[in-house]
Each structure stands twice: as C-alpha cells, then as structure tokens.
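Chemist: Sequence and predicted structure, then a few things I'm wondering about:
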Amino acid sequence: MQFSDKRTTTRWVIIVASFIIVSLIMWNTYAFFQIFKNEERVKMELWATSQKTLLTADENTDVDLPFQIISNNTTIPIILTENNKILSEANIDESITKDKEKLASFFEKLKKENAPISIDYAPGKVQKLYYGNSSLLNKLKYYPVALLLIIVLFGTMVYNFYRSTKMATQNKLWAGMAKETAHQIGTPLSSLIGWLEIMKADNVDETTITEIEKDITRLQTITDRFSKIGSEPILEEKDIVEETKQSFDYLKSRFSNQVEFSFSAPKYPIVVSLNPALHSWTVENLMKNAIDAMKGRGKLKITIEDEPYLVKINVKDSGKGIPKNQFKRVFEPGFTTKKRGWGLGLSLTKRIVEEYHKGKIKVLKSEVGKGTTMQVTFKKPIN
C-alpha cells in the first residue's frame, strides 16, 4: 500500500472513530436526560398526591409531609388548573405570571413538554397538574450540542496545525528546489555567455546575436526569479506601467498572430514599490494562463487603472471562463483544469502579489464560454 493510501485510510479511521465517540457521548447524554426526566415525573406525581391529600384532608389528617413535599419544589415550573382555569403557578418568572398573554403562551409550552397529571380529589372534581422541565434538565438538553461544538473546534485547531506544519515543510522543499534549480542553470548560462562572445568575435550575423542575447537575458531573469524563492525580495520604486509593458511586449513577440494582444495604460509613470523580476513573473503567469484558457487563439487585453491610492492591473481574455464556485480554488496549489501542468502558476502568482508585494489578486469577473478578467491590485506609496 502506498503512503498516500495509508494516509487516506488513517484519515477515514480517525473520522469514523470521532463519529462513533460523538454518537456514544450523545446517546449517553440522552440516556441521562431520560433518567432525570423520569425522576422529575416521579417528583411531580408525589406533588400531585400531596395536593390530593391536602384537598381531602380533615382535622385528623397529618398534612406536614404533603406541605413539605409541595414546598420543596423550587426548580420545576408548574401550573395547576381546574375546569381549564389556572388556579395557581409556581417557579415561573413574575414577568410572565403578571402578563395574561405571556402566561397563556407559557401554559401552551408546558402542555407540549410533559403529559399532565390528573388529581381526582372528589367525584366530578378533577385538577390537572402541568409541569415543565427544570433548568438543570434544559441545560442537559443542550449539553451534547455544546460538546459537539467543542469537538469540532478542537478538530479544526488540530487540522489547521497539521496543515500549517505540512505547508511549511512543503514551502521549504519548494524553496530549496528553486534555489538549486537557479544554481544548476547558472553553470550552462555562463558557458552560453562565453560562446556568445566568441560568436561576436567571429562576426556572426548581428540579428542572430541580438536574439540570442535576449534569450540569455531571459534565462538570467528566470534564474534571478528562482533564486528569490523563499527569500525576502528587495522592493524598488519602479514605474509599474513600464515594467508591465516590458513583460507584455516580450510575450507578445513570442506567440502567434492568432492571439490579438492589446495594452491600455496611462501615458504617465505610476511609481509602485515592487521587485521587477517577480513582477514580470506575475504578468507572464497571468498572460500565459489566459492564452492557455483561449487554447492559443483569442483576444488578450491588459489594462492598468490609476486610482488615488491604488493601481489595478486587469488581464482579460476571451477563453473558456471559470465557474463562480472555482473563483477561489484557482489559486490553490495543485488545482488545474489542464491535462498537463502542476497547478502552481496562479498559486505562485498569488504568493508573489500578496506575500511579497502586499497586494491583492482575484478573479474580477468570469463567464463560462466568454472569458475571464483577473485583477491585481497594488498600493501606491504614500508621499
């Protein structure tokens, strides 16, 4: 059995065991509830017997014990009636007993809680004793709910601790792999730069050399990005319009004419604190994701909006769209709708935007079959 299968089995065992434990606790509590309820029934039957004794007593009858039984009831709310008229009540709040409507409503409630006890004290003379649950019994009734909430809260805390620990371990692993990748790329990259110098000395076509230089610069940028994973990046005051446009132009030149690109932004610089290498990664991830959603054919538009305290970058495509219930899931690690891919692009983008740049990223709007607009928001520095 594989490790993942064992982990899944363990989880199900824990879930089933927890369900059984909670069920047993609730059943046990219900059993206690019924025991206390029966005991209160016995107390009320004794109370009714004492009431009957008092009603039928003569001068030779000892009424001390009946009086004591009746006076000892200080917790169970009762209403005594005869011919559907209330004769007396006990252990009921004065705000209820002084208001006829409230008392009538409370009386209807007592009728539903327990069956009444009849007191036949003379031929044709019958009183009825209606009683409710004591405060202790009412508390016991809600005890399973409180216990269940405590168990759910404890389970949530344990899950969050387990999840955060697991994510921290994964983050360290990914950061280590990223840095190692950057290190490994560095060696052949240095060799390529050397070969480029040789090509220049041999008077190779300048256009070819220029394109190779662009790709080498690109590789250096990628290496720089990976080396920053897991480290606190240095933010610089940069024109976000220019930085975004550079990434846009680079990708535009490398995709087919079947994608209609457009870029709209203010004609003036907008200064934002950002890391150029990571910001270009953000733009490229969003653009590539949009192009994948369009299957390499459609319209892609980037719009930059300048607001008093914020800058918003909207990336709009004419792709397949995202269902509303997946708006948040698309940023989860491993979530992907593509047959190939790790589902890390938008997750990484979210981390770059929100953790490193303290910005926000979201699905602004999307309609299945019509396209999606992703929005990235950055705060402008306060002067």
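Modeler: Arrived safely, thanks for sending.
Chemist: quick check: domain ranges of this protein?
Modeler: When the chain is parsed with automatic domain parsing, its domains come out as 3-133, 233-379.
Chemist: now, of those, which is deepest in the fold?
Modeler: Comparing these on average neighbours per residue, with mean count of other C-beta atoms under 10 Å, the densest one is domain 233-379 at a mean of 17. In short, each C-beta sits where N, CA and C put it, glycine included.
Chemist: Out of the domains of the chain, which gets the lowest mean score?
Modeler: Among the domains of the chain, domain 3-133 carries the lowest mean pLDDT, a mean of 84.
Chemist: how about JSON lines for the domains of the chain, with distance to I193 added?
Modeler: JSON lines is the format used below for the domains of the chain (distance: least, C-beta to C-beta, whole Å):
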{"stretch": "domain 3-133", "distance to I193": "43"}
{"stretch": "domain 233-379", "distance to I193": "18"}
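Chemist: What's the separation between V368 and L286?
Modeler: When distances are taken as C-beta to C-beta, to the nearest Å, V368 and L286 turn out to be 19 Å apart.
Chemist: Could you pull out the helices in the stretch 1-150 of the chain for me?
Modeler: Shown for the stretch 1-150 of the chain, the helices assigned by DSSP state H, counting those that start in this stretch span residues 3-56, 64-71, 94-97, 100-113, 135-201.
Chemist: between these, which one is nearest to A122?
Modeler: If you check each of the helices of the stretch 1-150 of the chain against A122 by C-beta to C-beta, helix 3-56 wins as the nearest, at 7.3 Å.
Chemist: what inclination does that closest one have with respect to helix 100-113?
Modeler: Regarding helix 3-56 and helix 100-113, their directions subtend 110 degrees when assessed with axes from the mean of the first three to the mean of the last three C-alpha atoms, to 10 degrees.
Chemist: Going forward, count from 411.
Modeler: Will do, 411 is the new start, and the previous item becomes helix 413-466.
Chemist: Tabulate the helices of the stretch 411-560 of the chain (a markdown table), appending distance to S757.
Modeler: What follows is the helices of the stretch 411-560 of the chain, written out as a markdown table (distance: least, C-beta to C-beta, whole Å):
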| stretch | distance to S757 |
| --- | --- |
| helix 413-466 | 20 |
| helix 474-481 | 71 |
| helix 504-507 | 58 |
| helix 510-523 | 55 |
| helix 545-611 | 10 |
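Chemist: pretty sure L710 contacts F673?
Modeler: No. Using C-beta atoms under 8 Å, L710 is not in contact with F673, being 9.5 Å away.
Chemist: right, so of the helices of the stretch 411-560 of the chain, which gets closest to N667?
Modeler: With C-beta to C-beta, the closest approach to N667 among the helices of the stretch 411-560 of the chain belongs to helix 545-611: 29.3 Å.
Chemist: Can you spell out which helices and strands pack onto the helix or strand just after that closest one?
Modeler: In the C-terminal direction, the helix or strand that comes right after helix 545-611 (DSSP states H and E) is helix 616-638. Using 3 or more C-beta pairs under 8 Å, 6 or more residues apart in numbering; DSSP states H and E as the contact criterion, the secondary-structure elements in contact with helix 616-638 are helix 545-611, helix 686-703.
Chemist: please redo it, this time with the cut-off set to 10 Å
Modeler: Helix 616-638 is packed against helix 545-611, helix 650-662, helix 686-703, with contacts defined by 3 or more C-beta pairs under 10 Å, 6 or more residues apart in numbering; DSSP states H and E.
Chemist: quick one: contacts for L550?
Modeler: Shown in contact with L550 (C-beta atoms under 10 Å, 6 or more residues apart in numbering): T439, Y440, F442, F443, F446, K447, N543, S544.
Chemist: between the residues you listed, which is nearest E469?
Modeler: Nearest to E469, judged by C-beta to C-beta, of these is S544 at 35.2 Å.
Chemist: residues near the closest one, how many?
Modeler: S544: 20 surrounding residues under other C-beta atoms under 10 Å.
Chemist: Which residues are in contact with it?
Modeler: Counting by C-beta under 10 Å, 6+ apart, S544 touches F446, K447, E449, E450, K453, N483, T484, T485, I486, P487, N501, L550.
Chemist: contacting residues around the fourth one?
Modeler: E450 makes contacts with N483, T485, I486, N524, Y541, G542, N543, S544, L546, L547, as judged by C-beta under 10 Å, 6+ apart.
Chemist: mind checking how far N493 is from T459?
Modeler: Between N493 and T459 the distance, using C-beta to C-beta, works out to 21 Å.
Chemist: hmm, I was thinking of N501
Modeler: When C-beta to C-beta is the yardstick, N501 and T459 sit 19 Å from each other.
Chemist: How far away from the center of its chain is stretch 718-725?
Modeler: 26 Å (C-alpha atoms, centre = their mean, to the nearest Å).
Chemist: Now for the contacts of L550: which two are most distant?
Modeler: By the measure C-beta to C-beta, Y440 and S544 form the most distant pair in these, at 16.9 Å.
Chemist: related to what we said a few turns ago, name the nearest of the contacts of S544 relative to S663.
Modeler: Closest approach to S663 among the contacts of S544 (C-beta to C-beta): L550, at 74.1 Å.
Chemist: any idea how far Q668 is from the closest one?
Modeler: When distances are taken as C-beta to C-beta, L550 and Q668 turn out to be 71 Å apart.
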